[in-house]
Every structure is written in C-alpha cells, then in structure tokens.
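S.K.: generate coordinates for the sequence data below:
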Amino acid sequence: MEDKRSINTKYSIVLQTSKAIFIENGVINKPDNVFKGLQNYYYTYSDKTNHTLISALFSSGSGKIYVKIVNSDDTLTQYPSSTDYDLRSNTIYLGEGLSIKKDLMDKLCKSTLCKILITIDGTHSWSLDKNINYQLSVSSKDKKLYQNKPFRGWIEKNEMQYFTIFLDDPIKSISVSLTNLDGDADLLMSYGKDNYPNFNTADWASTNIQSEFIELDLDSSYYKEKKINSMSGWYTIGVYGISNTTYTIDVSTHPYRVKNLNDYSPSACKRDIGGDKDNSSQYCNFRFSDFYINSDDKTSTYDFVISTQYLYGSGIIYAKLADLGDFKNYDYFDALPKANSYEFSSINKQRNQLYISSNYIITNNLI
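M.R.: Below is the predicted model:
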C-alpha cells in the first residue's frame, strides 16, 4: 500500500495584519507588494477643497484600488472592500489612477480636512509563488496653465501631473504640445475643470514615443458629438511620465497656432510635408520676445541662434523682426514669416540652424 505521506507538496502561507499604513499626501511611487487574494491598507489626509489623485502601478500582477472618504477624526469606519467603497478602480495590468473630485469630497466629508481610506486588493499574480509588486502615489496638487505661456517641468517615471487652464472666447483652435526634452511622457486632456483624465477616461490623448500633440478646432468630433458650440471653458491636462522626463508644455489658441518660446526651452511642432508653401498648414509658427537690444550701447549685444531638430523629414527656418505689440498683431497669416516673406532664412545654410547677429540688427536699424 502506497504511503501518501511521502508525496511532496509545495505551498505558501501568509500572515496578514489589518494595521493601516499612513502615506503622506504628495508621496510619489511608494513601493510595496501584496499577495493574491490579500489586501494592504493605507490612509492619508487632504483638504476638501483639493482634488486628490490616487494611483497604483502594478509590475508583477494586477490589483484593484478601493477608496472611502470620511471626516479627519473618524476612527471607526472600516476600510473599503469590494462590497463597501465610495470609489473603485478597474483591474488592469498597468494600474490605474482614481481622481477624487472636490464635489465628492464635499458630499462625503463634513470637516475641512478629510481622511481618505485606501485598500489595495491583490487580484492576479503572474507567478504562483510570488507577490504582486506595485507603486502607490497620492497627490492633491494641480497647476494652473496660461495660454501662450509655456511651462517647463520635470516628472518622475509613473507619476501623473495635472494642469488646469481656462480658455475664453473667441477661440477658433486649440493646440497643446508636450515637448519631451529627455525621456518620454504622454499627454492626456479632458473638457471641464474637475474632469481629471486618465488613460481610460481622457477626452483626448497623445501617446507617441517622442513629443506629444493635441490639436483641435470646433469641427473636431468631440464638440460635434457633445453638441458644444463654443470651445471656451475649462480644460484639465494630464502629463504621465513613461520615464523620468524634463518637458515643456504649451497651450496656444492662436488661429495660426503661433506659440511663445522661452529661452532654452524647446517647443515641439508637427506639420504637413510638401504642398503649397503659402498654406498655413505648412508652417510651425513661434514668437520669441523675451529679449532687449540696447541700440545706444553697442557693446551690450546679444546674438541669437534658432535651432531645430527634425524627427523625420526636413524643413527651412524663416524669421522676421517685429514690434512687440499685442499678441493679436499676428492673427493674420500675411504678417508671419514664410517662404515669400522673411528677413532671415536658413536656405543655403545649415537647414537646422539660423544665426542672427544683434550687430546686424542695430546697424540696419531693425529695432
């Protein structure tokens, strides 16, 4: 008779405690792990006037996020579960971000400072004998953008940053560019002030390997489907770090998408190749005005170098000088430099660089 006690059995045993871990608001990518079928518990605090983003990025399996919102002094409420929660995520391998909007905070929390209870539930491990690794982030900060004023920032891998911007009438087009100076980041955008986008909910998204672009006009399908007759209003923009990245983000509502440049802060653009050189779709238009040339002091001069880097194809740089004036002075296509109207050009030179001497500007009374 066979002795079944001699058969080896492989198993794992896990001891879990229900003690919750405090995670400071603003912590990005806190590493942790959980076994399949078990839960980790966290809590944090946030002012009820803020929105709060909670995200978990899973790297060796998948899981769900459950959230409850209570008063800051609450010590009795049970942590959220699959049957008792205020918000929950879907199960996706890359993880998900939950946006807790201000109106929900106001509804569920009566105190000025709110307590947020978080449960990470391990649902699937890629290996039977390994736990599920993830990185947890909690943030209650967004930044305000202004049209035609580029913002330069830095983002960590797997971090999400949010921006809000209000665009007033009259608007004929919206151009949003995310220029990755190093690394890689993706661009998400939604219509509305508290409509914080993620990869599942964004109204618009750009997820290229290099720089990102979202370009809209009133004929765009979103406005037609929603029967929106004006592009004005609040927009919420998300930047997601695929890797650690330095970036510049810019929002332009100029009819010919003229964008302001900051010194040493590149801005990306994409345009059609070939075709009519008098067509505005052929040109990326930029305006740089943060400099001053002193015509009375010839020793105090600045030279200018305009450089381009083409990801594919090639192009020509055209430039002209103009009075500072109001930004609306450039609303007319004829006022912009182009193939048949320019003062400086990279034709017959290095096509990716244009040099302008301030001595030349002063000598020819171009200021």
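
S.K.: tally of neighbours for G238?
M.R.: Per other Cβ atoms under 10 Å, the neighbour tally for G238 reads 25. Using the backbone N, CA and C atoms, a C-beta is placed for each residue, glycine as well.

S.K.: how about it: what's its closest non-neighbour residue?
M.R.: L188 (3.9 Å; Cβ to Cβ, 6 or more residues apart in numbering).

S.K.: report all helices and strands that the one helix or strand that neighbour maps to contacts.
M.R.: Remark: L188 resides in strand 185-191, with elements defined by DSSP states H and E. When contacts are defined as 3 or more Cβ pairs under 8 Å, 6 or more residues apart in numbering; DSSP states H and E, strand 185-191 packs onto strand 173-182, strand 204-206, strand 212-217, strand 233-241, strand 245-252.

S.K.: could you check the angle strand 233-241 makes with that strand?
M.R.: With axes from the mean of the first three to the mean of the last three Cα atoms, to 10 degrees as the basis, strand 185-191 and strand 233-241 are set at 160 degrees to each other.

S.K.: what's the angle from strand 185-191 to strand 212-217?
M.R.: 30 degrees.

S.K.: what are the boundaries of the helices in the chain?
M.R.: For the chain, helices defined by DSSP state H occupy the ranges 102-108, 221-225, 358-363.

S.K.: give me the helices and strands touching the longest one, please.
M.R.: By that I understand helix 102-108. strand 61-71.

S.K.: relative to E212, how far out is the residue nearest to G238?
M.R.: 9 Å (Cβ to Cβ, to the nearest Å).

S.K.: and the helices of the chain, which one averages the lowest pLDDT?
M.R.: Note on the helices of the chain: helix 358-363 shows the lowest mean pLDDT, a mean of 65.

S.K.: burial of I132, as a residue count?
M.R.: Neighbours of I132 (other Cβ under 10 Å): 25.

S.K.: below-threshold pLDDT in the stretch 1-150 of the chain: ranges please.
M.R.: 1-18, 28, 91-97, 128-129, 141 (pLDDT under 70).

S.K.: how about the strands in it?
M.R.: For the stretch 1-150 of the chain, the strands defined by DSSP state E, counting those that start in this stretch occupy 21-22, 30-34, 39-47, 52-58, 61-71, 87-88, 96-100, 113-125, 132-139, 142-144.

S.K.: pick the most deeply packed of those.
M.R.: strand 52-58 (a mean of 24; mean count of other Cβ atoms under 10 Å).

S.K.: who are the packing partners of that strand?
M.R.: Going by 3+ Cβ pairs under 8 Å, 6+ apart, strand 52-58 lies up against strand 61-71, strand 96-100, strand 113-125, strand 132-139, strand 160-167.

S.K.: what's the angle between the longest one and strand 52-58?
M.R.: This means strand 113-125. Going by the same axes, to 10 degrees, strand 113-125 makes 20 degrees with strand 52-58.

S.K.: strand 113-125 pairs with which strands?
M.R.: With DSSP bridges as the test, strand 113-125 is paired with strand 39-47 (antiparallel), strand 61-71 (antiparallel).
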